[in-house]
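Asker: Pasting the sequence and the predicted model now:
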Amino acid sequence: TKLETLAGGFVGGGMKTVGNAVVQGAKPLFTKAAQTLYHATTPEAASSIAKEIAWARYYRNDRIPESLIHKLDRTIEWHIQLGKVLKIQTQKEFVWDLLICSIEYIVAENELELKNIFLFYFYQQLNNSVTIEGIDPQEKDLHFYTALDRTFLKSDSPYLRFHLMKVMYDELLRIPPSEFIVKRKEFEQALAFIDKQIALSPNRRIMNFVKNIRPVFLILQELIVSHIDKIDEYTADDSKMVTAIEDICSEKYQITKKRLTTQGVKSILYIFFTKVIFVFIAEYPIMVQMGEGIDYIALTINALLPPIIMALFVIFSRVPGEDNTRRIIDRIKTYVYGTGIQKVIFREKKIKTKGFFSGSLFWLFHLAAYAITFLGINTVLDSLAFPVTSKVIFFFFITAVCFFGFRVVQIAKEYTIKEREGVSGPVIDFFMMPLISVGKLISSGVSKINFLLFIFDYLIEAPFKVLFEVVEDWIDFIRKRKEDISH
């Protein structure tokens with residue numbers, strides 16, 4: 001069966017040791033290391049990055065094997081030499097991304113290889129049932145694979161570059177540095193082609209279709225990993241497979257609920273204390289400096305409303321239930337046994353030059369959403385006699401909180417398969433998207449201002465992060481002592 005085939009590839013690839021390598025979230029370390037080592041030519045380069053990885057506990061052991069250090073050394077040297085051969089800056093950056101991902105791949109090969117196996121399995125299962133009208137079949141295959149990679153593995157541009165390079169031009173990744181000059185033209189063409197594909201705007205309908213399959217991808221992956229020795233039983237007895245999937249879904253929902261609660265409480269407390277501190281170090285002094293007078297109602301609303309809104313985001317977020325589990329089970333059966341996969345047709349929209357009237361109408365509608373949202377809020381603030389300073393700070397925090405709240409809500413949706421969107425969804429989006437969009441701009445803008453970044457990261461955020469870690473460690477300590485006593 002398809003399930004046995006997948007399991008066979010899983011075992012054959014040595015994937016039983018998955019999870020023994022490196023945890024997710026290691027990319028910042030590898031990025032920093034690659035930045036440091038990209039121009040390094042000393043023999044100690046690989047040893048240095050190995051120490052960084054071991055100290056940060058991204059590897060399963062405190063000591064990294066000598067063989068892995070040698071492999072890191074060869075990989076770093078290979079990419080350094082290739083970067084020297086290429087002339088275009090964007091392609092040098094491409095090689096830099098390859099180096100970052102290659103380092104992670106070496107350290108976490110089992111885990112990453114497992115994800116790639118499942119990604120390719122879903123690609124094979126779904127590709128023939130998906131048609132994109134208006135583009136060449138080969139281009140369609142690449143377009144669909146890239147959509148799966150972006151969605152299932154959450155790959156950004158560096159990872160897409162790495163994955164597509166391995167899938168399409170693996171032979172170039174195997175040539176020795178001595179042939180770089182001879183093969184330079186091939187490298188330049190390959191890197192340019194991949195970047196062109198990544199730069200294409202993903203078809204929105206295809207991305208939504210793929211996003212709705214991701215929960216199935218995650219649960220099936222967990223089923224294979226955690227029950228690798230019971231695949232034959234599940235193949236012979238459908239009810240056992242269903243029970244196993246239900247158990248996995250239930251466990252994932254509980255983990256999601258815990259993550260949502262934990263992240264929500266942290267965010268609420270963080271926003272509250274940040275806002276209170278901001279009132280004393282910025283809002284209050286500015287109001288005094290500008291001679292606006294102290295408006296305690298405005299100060300109170302500005303201090304309390306952002307965490308309250310964050311709390312509402314968390315309260316109204318719901319983890320999936322039994323209906324969602326049933327949909328996941330049905331989808332898994334479809335993909336495992338390869339039967340009942342529905343044909344899906346998408347149309348690649350050609351870029352049309354909009355007329356003046358239609359283009360103006362579109363932008364007017366877009367601007368209307370911003371105008372209605374922000375002018376409506378401003379009217380409410382005027383009725384409360386908010387000073388100008390308090391208004392500015394209010395909009396700053398409310399938009400940022402809406403963006404962060406939106407991100408937190410996505411946690412609850414990780415394992416949710418959507419059937420259809422209700423009527424209220426687009427209406428809420430109409431008013432919320434302006435706030436979320438501006439919040440995203442503010443969030444990315446603050447990260448580029450060193451002074452503000454220092455205030456938020458070191459004077460405000462860092463102490464609370466330390467406090468939360470200490471509290472979590474203390475709770476964990478108490479729980480372990482309780483378990484020891486019960487035994």
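Answerer: Yep, that arrived. None of these values were measured; they are calculated from a predicted model.

Asker: Report the residue spans of the stretch 101-250 of the chain with pLDDT below the cut-off.
Answerer: Residues of the stretch 101-250 of the chain meeting the criterion pLDDT under 70: none.

Asker: quick one: what helix or strand has the spatially most central residue of the chain in it?
Answerer: Centrality entry for the chain: nearest residue to the mean C-alpha point is K154, 4.9 Å, by C-alpha atoms, centre = their mean. Element membership of K154 [criterion: DSSP states H and E] is none; it lies in no helix or strand.

Asker: Next, I213: phi, psi?
Answerer: According to degrees, to the nearest 10, the main-chain angles of I213 amount to phi -100, psi -20.

Asker: Help me confirm that it comes into contact with R331.
Answerer: Yes - at 7.3 Å, I213 and R331 qualify as touching, with contact defined as C-beta atoms under 8 Å. C-beta: built from backbone N, CA, C; applies to glycine.

Asker: roughly how far apart are the closest residue to Y105 other than its chain neighbours and I103?
Answerer: Of all residues beyond its chain neighbours, the one nearest Y105 is L112 (5.6 Å), with distances taken as C-beta to C-beta, 6 or more residues apart in numbering. Note on L112: its distance to I103, by C-beta to C-beta, to the nearest Å, is 11 Å.

Asker: Give me the more crowded residue out of these two.
Answerer: I103 (27 against 22; other C-beta atoms under 10 Å).

Asker: what's the distance between that one and I308?
Answerer: Distance, I103 to I308, by C-beta to C-beta: 44 Å.

Asker: What's the first helix or strand after the strand or helix carrying R407?
Answerer: Secondary structure from DSSP H and E places R407 in helix 388-412. Going down the chain from helix 388-412, the next helix or strand is helix 424-446, by DSSP H and E.

Asker: quick one: average confidence on that next one?
Answerer: Averaging the model's pLDDT scores along helix 424-446 yields 75.

Asker: Break down this structure into its strands, ranges please.
Answerer: 130-133, 344-347 (DSSP state E).

Asker: Look up the closest residue to L220, ignoring the ones flanking it.
Answerer: Sequence neighbours aside, I332 is the residue nearest to L220 in space, at 5.3 Å (criterion: C-beta to C-beta, 6+ apart).

Asker: swap that for Q263, please
Answerer: Counting by C-beta to C-beta, 6+ apart, V408 is the residue found nearest to Q263 once chain neighbours are left out, at 5.5 Å.

Asker: Also L299?
Answerer: In space, and not counting its chain neighbours, L299 is closest to V279: 5.7 Å by C-beta to C-beta, 6+ apart.

Asker: Hmm, N302 and the one you found touching each other?
Answerer: Yes - the pair V279 and N302 qualifies as a contact (C-beta under 8 Å) at a distance of 6.7 Å.

Asker: I'd like to know how far D97 sits from I194.
Answerer: Distance from D97 to I194, counting by C-beta to C-beta: 10 Å.

Asker: shared neighbours of those two, which are they?
Answerer: With contacts taken as C-beta atoms under 8 Å, 6 or more residues apart in numbering, the residues that reach both D97 and I194 are R161.

Asker: ok so, going back, mind checking how far the residue nearest to L220 is from I417?
Answerer: 11 Å.

Asker: if I look at these two, which residues touch both of them?
Answerer: Shared contacts of I332 and I417, counting by C-beta under 8 Å, 6+ apart, come down to V216.

Asker: hang on, the residue nearest to Q263 packs against F316?
Answerer: No - with contact taken as C-beta under 8 Å, V408 and F316 are classed as non-touching, separated by 11.2 Å.

Asker: So which of the two has more stuff around it?
Answerer: Neighbours per residue, other C-beta under 10 Å: of V408 and F316, the larger number sits with V408, 20 against 10.

Asker: Quick check: pLDDT value at the more buried one.
Answerer: The predicted local distance difference test score for V408 is 84.

Asker: Please apply the same query to the one 10 residues further on.
Answerer: Looking at K418, its pLDDT stands at 84.

Asker: what's the neighbour count on D232?
Answerer: For D232, the tally of surrounding residues (other C-beta under 10 Å) stands at 11.

Asker: now I341
Answerer: Using other C-beta under 10 Å as the criterion, I341 is surrounded by 15 other residues.

Asker: so who does the residue nearest to Q125 when sequence neighbours are not counted touch?
Answerer: With C-beta to C-beta, 6+ apart as the measure, Y335 is the residue that lies nearest to Q125, at 5.1 Å, once sequence neighbours are left out. Shown here is Y335, whose contacts under the criterion C-beta under 8 Å, 6+ apart are 2, 122, 125-126, 216, 220, 341.

Asker: so which of these comes closest to T399?
Answerer: V216 (34.5 Å; C-beta to C-beta).

Asker: Just confirm that closest one contacts I417, I think it does.
Answerer: Yes - applying C-beta under 8 Å as the test, V216 and I417 come out as touching, 7.3 Å apart.

Asker: Please enumerate the shared neighbours of these two.
Answerer: Here V216 and I417 have 328, 331 as joint contacts, going by C-beta under 8 Å, 6+ apart.

Asker: from the strands of the chain, which stretch is densest packed?
Answerer: Highest mean neighbour count among the strands of the chain (mean count of other C-beta atoms under 10 Å): strand 130-133, with a mean of 16.
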